[in-house]
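Give the three-dimensional model of this entry:
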Amino acid sequence: MSNFNDILANLFRSHKNCHGYMLCRILVARECRRLGENNKTIIAGVANYLWKTSTSQEKSEYTDLAQRVKTL
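Sure, this is the predicted structure:
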């Protein structure tokens with residue numbers, strides 16, 4: 001669990017500004033880079049598409065995770 005908290009803490013310079021969409025976008029960017037895609041326009045488009053088409057339950061998962069990051 002502490003490893004997970006360390007990863008989350010390292011994702012953000014300022015924990016206070018973390019919100020669900022930002023967390024989603026960062027994780028999409030990390031996955032794209034892992035797959036070899038570094039084009040920021042493509043990454044932003046994918047993140048926007050995934051956020052817009054996600055269900056409210058999926059969005060609430062990211063929002064809850066963002067709240068958790070704020071408490072670190």
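
Any idea which residue is closest to the centre of the chain?
By CA atoms, centre = their mean, the mean C-alpha position of the chain lies nearest to Leu23, the distance being 2.1 Å.

So which bits of the helix or strand containing Tyr49 are buried?
Take DSSP states H and E as the rule and Tyr49 turns out to sit in helix 40-53. Buried residues in helix 40-53, defined by neighbour count with 16 or more other CB atoms under 10 Å: 43, 46-47, 51. For the C-beta atoms, the positions are set from N, CA and C on the backbone; glycine is no exception.

try stretch 21-41
22-25, 28-29, 32.

Out of those, name the ones that lie in helices.
Using DSSP state H, 22-25, 28-29, 32 are the members of the buried residues of stretch 21-41 that sit in helices.

hmm, back to that, pick the one among the buried residues of stretch 21-41 closest to Leu72.
Distance to Leu72 across the buried residues of stretch 21-41 (CB to CB) is lowest for Leu23, with 12.6 Å.

If you count neighbours, what's buried in the next helix or strand after the helix holding Tyr49?
For helix 40-53, the following helix or strand on the C-terminal side (DSSP H and E) is helix 56-70. Neighbour-count burial for helix 56-70 flags 62-63, 65-66, 69 (criterion: 16+ other CB under 10 Å).

what would those residues look like in CSV with pLDDT?
Putting the buried residues of helix 56-70 into CSV (pLDDT from 0 to 100) gives the following:
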residue, pLDDT
Tyr62, 91
Thr63, 92
Leu65, 87
Ala66, 85
Val69, 80
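
ok, the buried residues of helix 40-53 vs Glu37, which is closest?
Ile43 (6.8 Å).

Format the buried residues of helix 56-70 as a markdown table; extra columns: distance to Gly36.
Formatted as a markdown table, the buried residues of helix 56-70 follow (distance: CB to CB, whole Å):
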| residue | distance to Gly36 |
| --- | --- |
| Tyr62 | 24 |
| Thr63 | 30 |
| Leu65 | 26 |
| Ala66 | 27 |
| Val69 | 27 |
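
Low-confidence ranges, the chain, go.
Across the chain, residues meeting the criterion (pLDDT under 70) sit at 1-16.
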